[in-house]
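**Q** Here is a sequence together with a model predicted from it:
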Amino acid sequence: MSTDYVGYGYAALIASGGAIGYLKARSTPSLAAGLLFGGLAGFGAYQISNDPKNIWVSLATSGALTAVMGKRFYGSRKLMPAGLIAGASLLMVGKLTLTLLQKPHESG
């Protein structure tokens, strides 16, 4: 069993981004979305840590954030926070897709 450190770091980035949005702008929706998606990303990292092929929660979470925050970044052209989260989410989608496409290792 290997720990998905990248997934846990991504989850922490999402959750902390929501908390920072709340502290700076008193945005309750930012806090709620950050904690929800950060929690889902953390749960996905936990699942991957237990079974490296169980990527579906992480893939759905990072895919949704890529779409939502990518659209926000496209409209605002502001790197923080939309561009950062969209970029990190797109990298996670790529990482998870590569994991899915890897051939299984033969034992024996």
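**A** That came through, no problem.
**Q** what are the phi and psi angles of G7?
**A** phi -60, psi -40 (degrees, to the nearest 10).
**Q** OK, contacts around it?
**A** Counting by C-beta atoms under 8 Å, 6 or more residues apart in numbering, G7 makes contact with 41-42, 44-45, 48-49, 58, 92. Where C-beta positions appear, they are placed from N, C-alpha and C, glycine not excepted.
**Q** can you rerun that using 7 Å?
**A** 41, 44-45, 48, 58 (C-beta atoms under 7 Å, 6 or more residues apart in numbering).
**Q** CSV please, covering those residues and showing secondary structure.
**A** Below are those laid out as CSV (DSSP: H, G, I helix; E, B strand; the rest coil):
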residue, secondary structure
A41, helix
G44, helix
A45, helix
I48, helix
S58, helix
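**Q** Let me see the contact set for V68.
**A** Neighbouring residues of V68 by C-beta under 7 Å, 6+ apart: there are none.
**Q** So it versus S2, what's the distance?
**A** 30 Å (C-beta to C-beta, to the nearest Å).
**Q** from the contacts of G7, which is closest to L84?
**A** A41 (14.6 Å; C-beta to C-beta).
**Q** surely that closest one meets L59?
**A** No - using C-beta atoms under 7 Å, A41 makes no contact with L59, being 10.6 Å away.
**Q** These two: which has the busier surroundings?
**A** Neighbours per residue (other C-beta atoms under 10 Å) separate A41 from L59, with A41 holding more: 26 against 18.
**Q** what's the nearest residue to that one if we skip its chain neighbours?
**A** A11 (3.7 Å; C-beta to C-beta, 6 or more residues apart in numbering).
**Q** Centre of the chain to the helix or strand containing that neighbour, how far?
**A** Element membership of A11, judged by DSSP states H and E, is helix 5-25. Counting by C-alpha atoms, centre = their mean, to the nearest Å, helix 5-25 is centred 10 Å from the centre of its parent chain.
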